[in-house]
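Colleague: A predicted structure for the sequence below; I have some questions about it.
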Amino acid sequence: MAYADREKAALAKLEEQISSLEVRALDAIENDREHLAMEASEAIADLEAEAAATRQAISTYSNELLQLRQCLKESEAQLTELKRGQRLAEVNEKAIKLRGALPAMSKTDLEDAADTLRKLQTRQEHAAATAKAMTELSTQMRAENIDDRLAIAGCGAPKRSDAESVLARLKAKQQPKPDQSKSK
């Protein structure tokens with residue numbers, strides 16, 4: 001969770017920098033300082049790419065945290081079930097002892113069986129979690145890879161802003177001054 005919080009703080013800082021640069025770039029455009037506006041646009045494009053990567057990291061951390069919570073919930077349920085089974089075994093053992101029919105090795109055999117059961121369940125949980133994670137990663141990586149290849153090939157909108165598109169967007173945002181519109 002600390003990693004996700006750190007990434008969220010970094011994203012907020014990036015968004016603040018982008019906003020500040022956009023305001024300054026618009027001011028540079030208004031003052032006919034095109035070269036400064038282009039430099040700001042390049043910086044904005046880089047910051048937007050970093051912000052997108054940070055959002056992806058936050059999403060990954062959130063998904064992992066969700067899976068860990070689910071695994072913990074399932075483990076707690078299994079532990080409760082094991083404790084319930086242990087109590088039943090203890091009650092059965094005491095009942096047998098009361099009847100005087102408990103052989104000396106039965107207690108050890110039950111403990112060994114419980115240990116074996118716990119180990120098997122732990123292995124099964126681990127195998128299931130690993131299989132699930134591998135399936136999700138494979139599907140996600142394949143889709144991202146195809147999406148990236150399509151974007152690079154020019155199919156659809158580009159995945160990363162470039163300086164020219166940022167500058168064009170900033171110019172579109174620019175409100176013409178009353179004096180400028182009269183003189184042009």
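Modeller: Nice, I can see it.
Colleague: can you pull out the strands in the protein?
Modeller: For the chain, applying DSSP state E gives no strands.
Colleague: Kindly list the longest helix within it.
Modeller: helix 34-99 (DSSP state H).
Colleague: Tell me which other helices or strands that one touches.
Modeller: helix 2-30, helix 106-152, helix 163-173 (3 or more C-beta pairs under 8 Å, 6 or more residues apart in numbering; DSSP states H and E). C-beta here means a position set from N, CA and C on the backbone, and glycine is covered the same way.
Colleague: now the chain, which segments are flagged as low pLDDT?
Modeller: Segments of the chain classed as low confidence (criterion: pLDDT under 70) are 101-107, 133, 135-149, 151-154, 158-159, 176-184.
Colleague: So what's the residue count around Tyr3?
Modeller: A count of nearby residues for Tyr3, using other C-beta atoms under 10 Å, gives 13.
Colleague: I'd like the distance between it and Leu72.
Modeller: From Tyr3 across to Leu72, the span is 18 Å (C-beta to C-beta, to the nearest Å).
Colleague: same deal with Ser20?
Modeller: On the measure of C-beta to C-beta, Ser20 and Leu72 end up 41 Å apart.
Colleague: More neighbours: these two, which one.
Modeller: In terms of neighbours (other C-beta under 10 Å), Ser20 is the more surrounded of Ser20 and Leu72; the figures are 13 against 10.
Colleague: on that earlier part again, what would the helices and strands packed on helix 34-99 look like in TSV with distance to Ile96?
Modeller: Converted to TSV, the helices and strands packed on helix 34-99 look like this (distance: least, C-beta to C-beta, whole Å):
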stretch	distance to Ile96
helix 2-30	51
helix 106-152	7
helix 163-173	79
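Colleague: Compare the ones you listed and give me the one nearest Asp46.
Modeller: helix 163-173 (8.9 Å; C-beta to C-beta).
Colleague: Not counting the closest one itself, show me its contacts.
Modeller: Applying C-beta atoms under 8 Å, 6 or more residues apart in numbering, the contact partners of helix 163-173 are Glu22, Ala25, Leu26, Ile29, Ala37, Met38, Ser41, Glu42, Ile44, Ala45, Glu48, Pro158.
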